[in-house]
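1. no FASTA, just this:
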């Protein structure tokens with residue numbers, strides 16, 4: 001049954017074409033995600049170019065169904081709701097990217113004001129007993145002043161996670177707190193492929209505040225390179241309402257892309273903390289809980305860090321045995337961070353996902 005959302009009119013016809021590739025024993029067949037511009041707001045699932053996957057192997061959830069469902073129920077309660085805020089794109093060097101001129105109000109252009117941030121909505125619904133999740137990234141056209149009633153949706157991108165081989169996500173790891181990491185295929189350009197590593201981190205001191213840092217990864221000849229970065233800074237505004245209520249003037253945060261980035265001295269050095277880990281083995285599961293906890297140390301060097309606003313950073317660097325570590329982090333307070341990592345083997349196979357609460361090693 002299609003998801004009804006009041007009246008989407010694509011700016012151009014729906015186009016799709018299949019791609020085939022292999023990554024970490026995944027056999028993929030997926031269609032391109034298209035970017036729509038529209039003035040009204042609905043479509044059904046049948047109108048979307050949804051990716052289709054055949055996944056013979058994935059990660060191992062070494063837990064019973066009961067304990068897995070129990071952890072998922074708490075996660076579903078914490079992740080579901082209306083998450084509104086701001087989002088921005090950054091280059092692989094961490095420089096903010098301006099919005100297309102076509103969406104910027106004339107007044108800003110006349111004043112020569114650069115606009116980097118979208119106001120965003122992310123209505124999210126996790127089904128507590130079906131072990132599935134749906135959310136929509138909604139971008140609103142920039143407005144001059146506080147014009148909440150005039151806010152117009154520029155684009156909608158819906159994503160779904162299910163624990164079967166039809167799931168668009170290649171892998172999805174979660175904590176009961178509402179934090180998660182998702183691996184999404186984006187495009188196959190023949191010579192190379194693009195993946196998105198989506199890291200969603202909840203502030204442990206404020207469960208109504210979160211960030212989503214998306215590393216867009218270029219995968220070519222078993223080599224991983226950072227392509228660009230997307231950042232969403234979001235607040236929880238209430239239970240799931242399918243995005244019916246625009247945040248407008250009630251948004252508690254503000255545009256951030258052009259603000260000062262994190263200072264390297266704040267996160268370099270030796271850090272340690274408790275890691276919640278999931279290790280990948282042969283399994284038919286897509287969704288799994290981060291649960292194997294261990295204390296680990298991490299050494300951060302300024303040269304590997306991409307420094308971002310809002311006390312955020314990310315990195316992609318080679319480690320032991322030619323493994324690649326894709327990391328993001330959030331400096332919560334002086335000497336205190338929350339981080340997320342995806343570790344790939346020398347053959348670009350996803351080996352491990354870990355989320356950690358860290359402090360400076362004494």
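-> Received the coordinates, thanks. Source: prediction; values computed, not measured.
2. Every contact and neighbour count from this point should use C-alpha atoms.
-> Fine.
3. where along the stretch 1-150 of the chain do the strands fall?
-> 19-23, 26-30, 52-54, 81-91, 118-127, 132-140 (DSSP state E, counting those that start in this stretch).
4. Next: the stretch 201-350 of the chain.
-> With DSSP E, counting those that start in this stretch as the criterion, the stretch 201-350 of the chain has strands at 206-220, 223-236, 269-279, 287-289, 292-300, 306-308, 312-318, 324-333, 336-344, 350-360.
5. how about the host helix or strand of residue 161: buried residues?
-> Secondary structure from DSSP states H and E places residue 161 in strand 153-162. By 16 or more other C-alpha atoms under 10 Å, the buried positions in strand 153-162 come out as 153-156, 158-162.
6. so can I have JSON lines of those showing distance to residue 135?
-> Below are the buried residues of strand 153-162 laid out as JSON lines (distance: C-alpha to C-alpha, whole Å):
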{"residue": "153", "distance to residue 135": "16"}
{"residue": "154", "distance to residue 135": "16"}
{"residue": "155", "distance to residue 135": "14"}
{"residue": "156", "distance to residue 135": "10"}
{"residue": "158", "distance to residue 135": "6"}
{"residue": "159", "distance to residue 135": "6"}
{"residue": "160", "distance to residue 135": "7"}
{"residue": "161", "distance to residue 135": "9"}
{"residue": "162", "distance to residue 135": "12"}
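7. can you list the weak-confidence ranges in the stretch 51-200 of the chain?
-> 51-70, 146-150 (pLDDT under 70).
8. again, only this time at 80
-> 51-70, 145-151, 165-166 (pLDDT under 80).
9. can you give me the helices in it?
-> 65-79, 106-111 (DSSP state H, counting those that start in this stretch).
10. Centre of the chain to the last one, how far?
-> Here helix 106-111 shows a centroid-to-chain-centroid distance of 32 Å under the convention C-alpha atoms, centre = their mean, to the nearest Å.
11. Ok, stretch 293-307 next?
-> With C-alpha atoms, centre = their mean, you get 20 Å for stretch 293-307.
12. Same question for stretch 353-362.
-> Per C-alpha atoms, centre = their mean, the centroid offset for stretch 353-362 relative to its chain is 20 Å.
13. One more: stretch 156-165?
-> 13 Å.
14. My guess is residue 108 contacts residue 101. True?
-> No: using C-alpha atoms under 8 Å as the test, residue 108 is too far from residue 101 to be in contact (9.9 Å).
15. So for those two, which residue has more residues nearby?
-> Counted by other C-alpha atoms under 10 Å, residue 108 and residue 101 do not tie: residue 108 has more neighbours, with 15 against 12.
16. OK, contacts around the more buried one?
-> Residues near residue 108 by C-alpha atoms under 8 Å, 6 or more residues apart in numbering: 114-115, 144.
17. what's the strand holding residue 161 packed up against?
-> Under the contact definition 3 or more C-alpha pairs under 8 Å, 6 or more residues apart in numbering; DSSP states H and E, strand 153-162 sits against strand 132-140.
18. Correct me if wrong: residue 183 contacts residue 169.
-> Yes: with contact defined as C-alpha under 8 Å, residue 183 reaches residue 169; the gap is 5.9 Å.
19. could you give the mean pLDDT of stretch 296-307?
-> In this model, stretch 296-307 has a mean pLDDT of 96.
20. buried ones in it?
-> Buried residues in stretch 296-307 (16+ other C-alpha under 10 Å): 305-307.
21. can you give me the end-to-end distance of it?
-> 23 Å (C-alpha to C-alpha, to the nearest Å).
22. Could you list everything the nearest residue to residue 199 once chain neighbours are set aside pairs with in the sheet?
-> Leaving aside its sequence neighbours, residue 199 sits nearest to residue 181 (C-alpha to C-alpha, 6 or more residues apart in numbering; 4.6 Å). With DSSP bridges as the criterion, residue 181 is bridged to residue 173, residue 199.
23. thought residue 181 was touching residue 173?
-> Yes: assessed by C-alpha under 8 Å, residue 181 is found in contact with residue 173 at 5.2 Å.
24. Pull the contacting residues for residue 294.
-> Contact partners of residue 294, counting by C-alpha under 8 Å, 6+ apart, are 274-277.
25. burial count for the residue lying closest to residue 243 once chain neighbours are set aside?
-> Closest residue to residue 243 apart from its sequence neighbours, by C-alpha to C-alpha, 6+ apart: residue 123 at 5.3 Å. Residues lying near residue 123 (other C-alpha under 10 Å) number 27.
26. got CSV for the contacts of residue 108, with neighbour count too?
-> Shown next, in CSV, are those (neighbours: other C-alpha atoms under 10 Å):
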residue, neighbour count
114, 14
115, 22
144, 11
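27. Throw these into CSV and include distance to residue 318, thanks.
-> Output for those, formatted as CSV (distance: C-alpha to C-alpha, whole Å):
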residue, distance to residue 318
114, 36
115, 35
144, 45
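28. Roughly how far does the closest residue to residue 337 other than its chain neighbours sit from residue 115?
-> Closest residue to residue 337 in three dimensions, ignoring its sequence neighbours and counting by C-alpha to C-alpha, 6+ apart: residue 331, at 4.5 Å. Going from residue 331 to residue 115 by C-alpha to C-alpha gives 25 Å.
29. What of residue 104?
-> Distance, residue 104 to residue 115, using C-alpha to C-alpha: 7 Å.
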